[in-house]
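Predicted structure and sequence below. I'll ask about it afterward.
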Amino acid sequence: MDMFSQFLGSTGFYNMTSGNLIMILVGIFFITLAITKDYEPLLLVPIGFGAIVGNIPGMANMAIGVYDVGSVPYYLYKGVTLGIYPPLIFLGIGAMTDFSYMMSNPKLILLGAAAQLGIFITLMGALYFGFDLKEAASIGIIGGADGPTAIFLSAKLAPHLMGAIAIAAYSYMALVPVIQPPIMKALTTDKEKRIRMKEPRIVSKRERIFFPVGAFIISALVAPGSITLVGMLFFGNLLKESGVTERLAATARTALIDIVTILLGFTVGASTQAQTFLTKESLFIFGLGALSFCIATAGGVLFAKFMNLFLKEGNKINPLIGASGVSAVPDSARVAQMVGRKYDDGNFLLMHAMAPNVAGVLGSAVAAGVLWSALVN
């Protein structure tokens with residue numbers, strides 16, 4: 001009976017708290033959202049299942065969680081805490097990304113820059129609510145809608161907030177089709193939604209090869225803190241565009257990024273143990289993250305409208321593509337296409353929206369580098 005009593009005391013049923021149950025339900029919700037709505041399933045399924053695993057209570061002397069030294073999840077989670085996984089994901093993203101749309105119409109880069117407005121406004125908001133400067137910078141980067149960048153910066157500046165920041169960033173990335181359309185519709189007129197843009201010019205192979213090298217040198221000199229992320233992004237893109245390393249590019253954009261995404265998503269989800277995750281700080285992070293994402297979306301749309309004041313008829317920008325300046329690739333570009341088609345079925349905005357979309361990836365990485373460089377001491 002003593003052994004039986006001891007066994008009962010070691011079960012998850014006995015040690016389950018209301019917080020653990022809440023987080024398990026959150027994990028199930030993420031999985032359901034991924035499967036039924038197809039919202040970022042490659043991210044939400046690993047994160048959701050990881051949240052379930054991380055909130056099954058264990059015994060004090062059993063090393064089974066991401067915070068228990070000696071456990072397997074503990075060592076896998078080192079790829080998050082040490083900032084290893086995000087650069088590897090950027091390598092894969094670079095090998096998948098076509099920068100030619102951005103190169104063919106360079107002025108659209110400004111939309112990607114304008115969408116980073118959410119990062120810095122939210123930084124100020126986080127300071128107002130009592131977060132210190134490093135914490136505020138890590139929270140603000142959620143507005144870039146770039147999970148790997150958010151994880152990388154929080155690992156460097158505010159590792160104790162990494163779980164909440166990562167979950168918030170990936171949640172809002174998944175909810176791009178829900179959050180962005182109302183903002184886009186509210187800030188544009190029907191006439192603006194129907195603007196048709198000129199087809200982008202053809203970018204030569206030589207330009208495609210020179211671009212990652214030149215753009216990296218400029219970005220790294222401007223923000224040395226961005227070297228890790230931007231370097232891997234453009235290295236992956238060079239593998240793709242060089243034409244002589246297709247095997248390496250194929251590995252980076254398939255097997256490598258898939259493996260890292262699984263490990264990153266699962267361990268980030270497992271880090272959301274109720275005892276460390278369900279705090280007042282986490283609620284503020286989720287609220288500020290939503291604000292940051294909305295401001296970033298609005299910033300891109302409004303800046304496109306501002307640019308149109310100086311552009312001649314026939315060269316104007318459809319403001320809907322400004323929302324794709326957040327770096328949720330390619331979902332935010334697809335949303336611009338989807339909303340535009342509702343007002344003009346023959347208007348194809350996707351190729352134009354990809355320009356600010358990939359510029360947003362670069363912009364959020366550079367913004368993170370600037371913040372890290374400024375706050376590293």
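Arrived safely, thanks for sending.

tell me, how many neighbours does the spatially closest residue to residue 68 that is not a sequence neighbour end up with?
In this structure, residue 68 finds its nearest non-sequential neighbour in residue 74, 5.7 Å apart by CB to CB, 6 or more residues apart in numbering. C-beta here means a position set from N, CA and C on the backbone, and glycine is covered the same way. For residue 74, the number of neighbouring residues by other CB atoms under 10 Å comes to 18.

In contact with residue 74: list those residues for me.
63, 65, 66, 67, 68 (CB atoms under 8 Å, 6 or more residues apart in numbering).

Read off the pLDDT value for residue 180.
With respect to pLDDT, residue 180 scores 93.

Flag every buried residue along the helix or strand it falls within.
Using DSSP states H and E, residue 180 sits in helix 176-186. Using 16 or more other CB atoms under 10 Å as the test for burial, helix 176-186 gives 176, 177, 179, 180, 181, 183, 184, 185.

Return the member of those residues nearest to residue 132.
residue 179 (27.8 Å; CB to CB).

my read: that closest one touches residue 296, true?
No: judged on CB atoms under 8 Å, residue 179 makes no contact with residue 296 at a distance of 10.3 Å.

follow-up on the earlier one: any of the contacts of residue 74 buried? List them.
Applying 16+ other CB under 10 Å to those flags 65, 66 as buried.

Check the contacts of residue 74 against residue 22 and report the nearest one.
Once CB to CB is applied, the member of these that ends up nearest residue 22 is residue 65, at 17.1 Å.

Tell me which helix or strand residue 98 sits in.
Applying DSSP H and E, one finds residue 98 in no helix or strand.

Spit out the contact partners of it.
354, 358.

And for residue 46?
Counted by CB under 8 Å, 6+ apart, residue 46 has contacts 261, 262, 264, 265, 266, 269.

can you rerun that using 7 Å?
Residue 46 sits next to 262, 265, 266, 269 when contact means CB atoms under 7 Å, 6 or more residues apart in numbering.

I'd like to know how far the nearest residue to it once chain neighbours are set aside sits from residue 98.
Leaving out its chain neighbours, the residue that sits closest to residue 46 by CB to CB, 6+ apart is residue 265, at 2.9 Å. Distance of residue 265 to residue 98, given as CB to CB, to the nearest Å: 25 Å.

And the helix or strand harbouring residue 336, what's buried?
Element membership for residue 336 (DSSP H and E) is helix 331-343. For helix 331-343, a neighbour-count test (16+ other CB under 10 Å) marks 331, 332, 333, 334, 335, 336, 337, 338, 339, 340, 343 as buried.

need the next SSE after it, C-terminal direction.
Sequence-wise, the next helix or strand downstream of helix 331-343 (DSSP H and E) is helix 350-375.

same question for that next one, mean pLDDT?
90.

Check stretch 245-261 too.
The average pLDDT within stretch 245-261 is 96.

so what secondary structure elements neighbour the helix or strand encompassing residue 32?
Taking DSSP H and E as the definition, one finds residue 32 inside helix 18-37. Here helix 18-37 touches helix 41-54, helix 274-277, going by 3 or more CB pairs under 7 Å, 6 or more residues apart in numbering; DSSP states H and E.
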